[in-house]
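*Asks:* Pasting the sequence and the predicted coordinates here, then a few questions.
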Amino acid sequence: MPLHDRAQSASDNSFVRLTLAGLGVEEISFADAVGIPAKVPPLSSSLLPARQLEEGEQYRFHFDMTKCIGCRSCEVACNEQNGNPADLRWRRIGEIEGGTYPNTRRHYLSIGCNHCLDADCLKGCPVDAYKKDPATGIVLHSADACIGCQYCVWNCPYSVPQFNPERGVVGKCDMCHGRLTEGLEPACVNACPEAAIEIEIVNMAAWRENYALAESPGMPEAGHTISTTRITLPPQTAAVLERVDAGRIRPEHAHLSLVAMTTLMQSVAGCLATALLCYSAGPVLLSILLGITCIALNISVFHLGRPAYAWRALKMWRRSWLSREVLLFGLFFLALTLLTAVSWIEVLHDSPDLLANVERLSPLAAKMIAQPLWLQILPALGWLAAALGIAGTVASAFIYLVPARPAWNTVHTPIDFLSSGALLGTMLLPVLVALSDRLSNLPFMHLARFSTHGLSDHFAWPPLLFALLWSTNQLVRLIRLNRSSLFEAKATVGLLRVPQFRNTFVVVIALALAVSFLSAGGEAQFALAAALGAVLLSRYLFFVTVVPLNMALTFVRAGH
């Protein structure tokens, strides 16, 4: 009888690995299977807990490294159970090794989701797509709620959540929640031929006090999120085993839409603040800034797997920095829109002829424009918009301050974002002022002329100062990463030594130097182009050269 048919046969349950109703398999006869009269030792117990959860407890995985043979049956079973493509693995096999020839040792790690007590994927999600199941303690993910922002991928130190580009959402191990609630083992537990993976019950309060048994070579420190997975290590190997893929560092995704969005939004916020300081925030300039803001915000949604649901990102503003960024930049857009409208109303208010024309078309509109209130709120509205833009830039920087990505998680990230805004803002203002003057020569636009006395010859020093600050921050960041004791921080500098990225970094430094010379020489347009190029390229390197914390994987690997 074919193997598959025998596995489905009701009379041959002794051949099937799956336990039924919590009962273990007592023995397997090789004679029944292949006609050879031999016996194997009986399984000692079921791989599921023998009792129900009590208050303060949750389920967890137990992985026994001494039993795992690296056959990847758990990987295959997980993918088949969840219908994932081959390049997405919610359970992954890693390799660790140690010793010197001929006394070498190799062991395997099989890790799914650790269902942590302080799960960072849950805390950072802007749409509340993650929940810790109150009945089982399992960290569940809702694909329906997910918008594919991938913030949870950045936050998890084990890189457990994985983005599925075909579906546009993130997915992860849920301990086969549906099977577990029906009294069946998860697919990985059921498939392991060595019983190296089990489901256990853990007391959450006691585990929070002492989670040393979650530590393992080839794994990030369990204290990041208090992983609940218990790992049984081989004796006397914790200090000598190392991950085999330590030298296989690869670039991360470039996220070009985020490169463009962050750069443009910082430019607008910096330019608006500078224009207000120089009394140069006229209606034409504000209209251009508003147009750039519209472009930037529309570009940002292309980062999402499900752009149509971008509005959901506002949901968790009390907890998620990504939600706060969306909220603050949204308020900035509204404030800038109102500021631009009021600025044009001021133009109409000061032009009796135009106001008379408006009155003929709409007496109500003319009456509203004639109100002196508009002129009184204009200064306060301008500074409110600038404050929201700067606050949005700070929130944007805090998105990247995640422990799981050490190269991002430094003070240099907010300094980079703020100094980029200051540099580009001071570079952009003279160019937009000159453009506004040209537009003012068009019919009816002469009424929108504004004073530019703040843009004197002495305005050359702020761009030079901010260019120096921005360049210094870039160089000091690299020096500190290179001196860091963390492998992942040093690895970022290592990626920058790859010819492709090394050449890009050289161009960044050359453009930063060119900004100073061009600005001092009065070449505002070329200085702006150089500054924009330097910031865009450095932001590209910011994304592609970050090395995240992760579990040990195999030496030769593709994808996760």
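*Replies:* Looks like it arrived, so ask away.
*Asks:* what's the following helix or strand after the helix or strand of the chain with the lowest mean pLDDT?
*Replies:* Here the helix or strand of the chain ranked lowest by mean pLDDT, DSSP states H and E is helix 30-34, holding a mean of 35. Using DSSP states H and E, the helix or strand that follows helix 30-34 in sequence is strand 57-64.
*Asks:* From the contact counts, what lies against that next one?
*Replies:* For strand 57-64, the packing partners by 3 or more Cβ pairs under 8 Å, 6 or more residues apart in numbering; DSSP states H and E come out as strand 103-111, strand 197-203, strand 230-232. All C-beta atoms are positioned from the backbone trio N, CA, C, and that covers glycine.
*Asks:* Report the distance from it to the chain centre.
*Replies:* Distance, stretch centre to chain centre, for strand 57-64: 27 Å (Cα atoms, centre = their mean, to the nearest Å).
*Asks:* ok, now stretch 315-328?
*Replies:* 14 Å.
*Asks:* Now do the buried residues in it.
*Replies:* For stretch 315-328, the neighbour count (16 or more other Cβ atoms under 10 Å) marks 315-317, 320-328 as buried.
*Asks:* List the residue ranges of the protein that fall below the pLDDT cut-off.
*Replies:* Applying pLDDT under 70 to the chain picks out residues 1-46, 237-239, 348-376, 440-460, 555-560.
*Asks:* Minimum distance to Ala527: which of the helices and strands packed on strand 57-64 has it?
*Replies:* Ala527 lies closest to strand 103-111 among these, at 50.5 Å (Cβ to Cβ).
*Asks:* what lines up beside that closest one in the sheet?
*Replies:* Within its sheet, strand 103-111 is paired with strand 92-100 (antiparallel), according to DSSP bridges.
*Asks:* So which bits of the partner strand are buried?
*Replies:* 92-98.
*Asks:* Surely Glu313 touches Trp321?
*Replies:* In this structure residue 313 is Ala, not Glu. No - applying Cβ atoms under 8 Å as the test, Ala313 and Trp321 come out as separate, 11.1 Å apart.
*Asks:* Might you report the residue contacts of the residue lying closest to Ala77 once chain neighbours are set aside?
*Replies:* Spatially, and ignoring its direct neighbours in sequence, Ala77 is nearest to Ala191 (3.5 Å; Cβ to Cβ, 6 or more residues apart in numbering). Applying Cβ atoms under 8 Å, 6 or more residues apart in numbering to Ala191 gives the contacts 17, 73-74, 76-77.
*Asks:* And the buried ones among those residues, selectable in PyMOL?
*Replies:* Typed into PyMOL, the line below selects the buried ones among the contacts of Ala191, using 16+ other Cβ under 10 Å:
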select buried, resi 17+73+74+76+77
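*Asks:* so how far is stretch 157-177 from its chain's centroid?
*Replies:* 14 Å.
*Asks:* repeat for stretch 412-425
*Replies:* 20 Å.
*Asks:* Now do it: everything it contacts.
*Replies:* Here stretch 412-425 makes contact (Cβ under 8 Å, 6+ apart) with 262-263, 266-274, 390, 393-394, 396-398, 400-401, 462-463, 466-467, 469-470, 473-474, 476-477, 480, 515, 528, 531-532, 535, 538-539, 542.
*Asks:* Identify those among those residues that sit within helices.
*Replies:* Among the contacts of stretch 412-425, DSSP state H puts 262-263, 266-274, 390, 393-394, 396-398, 462-463, 466-467, 469-470, 473-474, 476-477, 480, 515, 528, 531-532, 535, 538-539, 542 in helices.
*Asks:* which among those residues end up buried?
*Replies:* 262-263, 266-274, 390, 393, 396-398, 462-463, 466-467, 470, 473-474, 477, 515, 528, 531-532, 535, 538-539, 542.
*Asks:* Quick one: the helices in the stretch 401-550 of the chain, in order.
*Replies:* 412-439, 461-483, 487-495, 499-520, 524-544 (DSSP state H, counting those that start in this stretch).
*Asks:* Which strands and helices lie in contact with the shortest one?
*Replies:* So the one you mean is helix 487-495. helix 461-483.
*Asks:* Residues in contact with the helix it packs on: which ones?
*Replies:* Applying Cβ under 8 Å, 6+ apart, the contact partners of helix 461-483 are 274, 407, 410, 412, 415-416, 419-420, 422-423, 426-427, 489-490, 492-493, 496, 508-509, 512-513, 515-516, 519-520, 527, 531, 534-535, 538.
*Asks:* Now which of these would you call buried?
*Replies:* The neighbour-count test (16+ other Cβ under 10 Å) marks 274, 407, 410, 412, 415-416, 419-420, 422-423, 426-427, 489-490, 492-493, 496, 508, 512, 515-516, 519, 527, 531, 534-535, 538 as buried among the contacts of helix 461-483.
*Asks:* Report the buried residues of stretch 47-66.
*Replies:* Buried, per 16+ other Cβ under 10 Å, within stretch 47-66: 47-48, 57-65.
*Asks:* Tell me the span between the first and last residue of that stretch.
*Replies:* By Cα to Cα, to the nearest Å, the extent of stretch 47-66 from end to end equals 16 Å.
*Asks:* Same question for stretch 50-64.
*Replies:* 19 Å.
*Asks:* Give me the residues contacting it.
*Replies:* If you take Cβ under 8 Å, 6+ apart as the criterion, stretch 50-64 is touched by 22, 49, 109-112, 114-115, 135-138, 175, 180, 195-205, 228-232.
*Asks:* try 6 Å
*Replies:* Residues from elsewhere that reach stretch 50-64 (Cβ atoms under 6 Å, 6 or more residues apart in numbering): 110, 136-137, 196-205, 228-232.
*Asks:* go on, stretch 311-322?
*Replies:* Stretch 311-322 is contacted by residues 124, 126-128, 147, 151, 323-324, 326-327, 395, 398-399 when judged by Cβ under 6 Å, 6+ apart.
*Asks:* Among those, find me the one that's closest to Leu439.
*Replies:* Nearest to Leu439 out of the contacts of stretch 311-322 is Val326 (Cβ to Cβ; 31.9 Å).
*Asks:* May I have the secondary structure class of the closest one?
*Replies:* helix (DSSP: H, G, I helix; E, B strand; the rest coil).
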